[in-house]
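1. 3D model of this:
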Amino acid sequence: MPLDRHVPGIVDVATKAGVSLSTVSRVLSGRVRVSDELRVKVEAAVAELGYRPNAAAQSLVSGRRSTVAVFARNTIRYGYAATLQGIEEAARAAGYVVVIAVVESGDPDDIARSVNNALSHPLAGAIVIEFDKVGVATLAALPSTLPVVAAAGARRASGETPHAFLDDAAGGYEATRYLLSLGHTTVHHLAIPATKPRSGRAWGWRKALQEADAPIPPVVQASYSPTSGYDSAQKLTGDPSITALLCGNDELAIGAARAFQEVGRRVPQDISIVGFDDQPFARMWMPALTTVRQDFVDLGRRTFGLLEEWLTENRHPADSAVTPTLVVRESSAAPPRQRETA
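-> Model prediction:
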């Protein structure tokens, strides 16, 4: 026997209640007063049929658009997923519906496809998670007539699009200063891909070394995964002079730690390793990972807050930035020669 997959609509509600479509619309919107008798009939029909008005229908009835599109290159990696969580929680609390538009790549056709699909919804506004070059390109492709805000890690001067920042350059700066304060002569850097030159955690790392007049080693470029951290760290494991390593995220850090341990370099006795993000596993790793804590859920909430301010107050909001915090655990220590002479 075939299943009845009919989804009840407003016509079904009107028929069940024995009232007109306009009466159902008035009851659902709450904007026009109707008699208690009619309201009870409509509400009973809605409950019996299990009717759920969609966002498009609600916007037509109420005149208020309540759908927000979120554009992201990735929805699985920790920073992206936690930011999405913050956006969705804040949007739901404010009465908005979130639709996620995954942008497959930086190819202009992929970007245009995602943007056009999202714009087919009655959008109140949009948010771009600008953690990568795809996010930068997506932001540039959105129409200027749509309220758009963005979440980003690398802080920069204010522009046309309101941003909520993590200011990861400040985090990279603080982590490097901390390692230098332990007595390391310099700090090497295993980097994630940057969205823009002269920005982000790598820029903070470089600034701290310059201020300390410390040698600035070449950046070792990696991706995001532990495997990438392990593979890229192979370029460093043969150099016994390397005593401190700042990694672009926690996953790179655990991959790099494995690479050094395999050649007999202990963490932190022989090499200090510092991660970035403070993912949930960081404090459970052995040794527990020293890292830079970034609150991505808060970033998501702050980003939606900018959009909500724009929509409710009809004004261009100011950027929002929060400085990350260094969390010192067990994977960092003074360099071996200092411990031997102490």
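2. Pull the contacting residues for the nearest residue to Ala94 once chain neighbours are set aside.
-> Nearest non-adjacent residue to Ala94, counting by C-beta to C-beta, 6 or more residues apart in numbering: Glu308, 5.6 Å away. To be clear about C-beta, it is placed using only N, CA and C from the backbone, and glycine gets the same treatment. Contacts for Glu308 were tallied using C-beta atoms under 8 Å, 6 or more residues apart in numbering; they are 90, 94, 96.
3. Next: Val128.
-> Going by C-beta under 8 Å, 6+ apart, the list of residues near Val128 reads 70-72, 135, 138-139, 142, 148-151.
4. so what's it scoring on pLDDT?
-> Val128 carries a pLDDT value of 98.
5. one step back: give me the buried entries from the contacts of Glu308.
-> Among these, those scoring as buried are 90, 96 (criterion: 16 or more other C-beta atoms under 10 Å).
6. The contacts of Glu308 into TSV, with extra columns for pLDDT?
-> Shown next, in TSV, are the contacts of Glu308 (pLDDT from 0 to 100):
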residue	pLDDT
Ala90	96
Ala94	92
Tyr96	92
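7. Out of the contacts of Glu308, flag the one nearest to Pro215.
-> Nearest to Pro215 among those: Ala90, at 44.2 Å, using C-beta to C-beta.
8. Tell me which of the contacts of Val128 fall in helices.
-> 135, 138-139 (DSSP state H).
9. returning to what we had before: what are the phi and psi values at the residue nearest to Ala94?
-> For Glu308, the backbone dihedrals are phi -60, psi -40 (criterion: degrees, to the nearest 10).
10. how would you label His184: helix, strand or coil?
-> coil (DSSP: H, G, I helix; E, B strand; the rest coil).
11. what about it, distance to Ala208?
-> 12 Å (C-beta to C-beta, to the nearest Å).
12. Repeat that for Leu299.
-> Distance, Leu299 to Ala208, by C-beta to C-beta: 23 Å.
13. The two: who's more crowded?
-> Leu299 (25 against 22; other C-beta atoms under 10 Å).
14. Sticking with the more buried one, tell me its helix or strand.
-> Per DSSP states H and E: Leu299 is located in helix 296-313.
15. Distance from that helix to the middle of the chain?
-> Per C-alpha atoms, centre = their mean, to the nearest Å, the displacement of helix 296-313 from the mean C-alpha position of its chain is 13 Å.
16. helices or strands up against the helix or strand that it is followed by?
-> Per DSSP H and E, the first helix or strand lying C-terminal to helix 296-313 is strand 320-321. If contacts are counted by 3 or more C-beta pairs under 8 Å, 6 or more residues apart in numbering; DSSP states H and E, strand 320-321 sits against strand 163-165, helix 296-313.
17. Most tightly packed of the ones you listed?
-> Among these, the stretch with the highest mean neighbour count (mean count of other C-beta atoms under 10 Å) is strand 163-165, at a mean of 25.
18. Flag every buried residue along the helix or strand following that strand.
-> As assigned by DSSP H and E, the chain's next helix or strand after strand 163-165 is helix 168-181. The neighbour-count check on helix 168-181 (16+ other C-beta under 10 Å) flags 168-180 as buried.
19. Can you name the residues in contact with the helix or strand just after helix 168-181?
-> As assigned by DSSP H and E, the chain's next helix or strand after helix 168-181 is strand 188-191. For strand 188-191, contacts defined as C-beta under 8 Å, 6+ apart pick out 201-202, 205, 217, 219-222, 229, 232-233, 236, 242, 244-248, 252-253, 256.
20. Quick check: next helix or strand after strand 188-191?
-> Taking DSSP H and E, what comes next after strand 188-191 is helix 200-211.
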